[in-house]
Each structure stands twice: as structure tokens, then as C-alpha cells.
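[1] 3D, please:
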Amino acid sequence: MKQPWIRPDDFETRRTHLNHLTDEQLKALFWKLADQAVDPLIDLARTHTTPSIERSVLLRMGFSSLEAKILVDKTIERHLIGKGAGNVIFRLAQIEATDIRTAGLHLIADQGWERVTAAFQEAS
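    Numbering: from 1, shown residues only. Below you'll find the model as predicted:
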């Protein structure tokens, strides 16, 4: 059986640049580096979405999984997915002065898409 490769223990030499730091300074450095590692993920989450995420949002808004799929598909077809499917429904509910569920059902029935699309175009 082949012996596994064992990495030489060079911990002490790799940490020499940290020897002069106090525990508080080490903690601050850790959190600084952790923030640097996570920042690109946070930026990506702010600017990108997926159909799965949008369906999940709609499920939490009270739509069934079948309704959520239809709404997300129709939102993608109209190139509004970047606005968020839940936001599209919310915007139509505001325009029509109705509740979220009714607005979503209108969109499923292909009613109100022109109004909500125009509202997003006016806002940008």
C-alpha cells in the first residue's frame, strides 16, 4: 500500500511574522482577513439571484411551489428576474392597491405585467 504524503511541520517558521502580535491584534487580523475572504461573496449575493432563490422567496410569501415556479418563469421571460420575483409581485400589489396573493395570481393569469414592467422602467 502506498504511504500517504506527510507534509513537513513548518508551522513555527510560517508563523514568525505573527510572533510580535498580541491576542487582540491577532483577533483583529483574523477578522480583517475573514472580511476580505467573504466580501466577494456578499457582493455576488447582492447582485445575483437564481430561480431557486426566487422560488424560495415566493414560498415564504405564501405561494405554492407550483405557483412560485410559474411566477419565476414568467418573471424570467420578461427579463425582470434581476428585480426579484417577490419585488415584482409587491410592486404590482402597490400599483393595484391589492394584497400580495391577489397580485401574484393576476401575474400568473398574465394580467398586470405591462403595468409592473412600466413601473420598473420609470424607476430606472
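[2] show me the shaky parts of this protein.
    Applying pLDDT under 70 to the chain flags the ranges 1.
[3] hey, where'd the helices end up in it?
    Here the chain has its helices, by DSSP state H, at 11-14, 23-47, 51-60, 65-77, 85-96, 100-108, 113-123.
[4] redo these as CSV? Include distance to Gln3 and mean neighbour count.
    C-betas here are computed from N, CA, C, even on glycine. CSV is the format used below for the helices of the chain (distance: least, Cβ to Cβ, whole Å; neighbours: other Cβ atoms under 10 Å):
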stretch, distance to Gln3, mean neighbour count
helix 11-14, 22, 8
helix 23-47, 34, 10
helix 51-60, 44, 16
helix 65-77, 52, 17
helix 85-96, 55, 20
helix 100-108, 61, 19
helix 113-123, 62, 14
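[5] mind putting those helices into CSV with distance to Trp5?
    Formatted as CSV, the helices of the chain follow (distance: least, Cβ to Cβ, whole Å):
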stretch, distance to Trp5
helix 11-14, 17
helix 23-47, 27
helix 51-60, 39
helix 65-77, 47
helix 85-96, 49
helix 100-108, 57
helix 113-123, 56
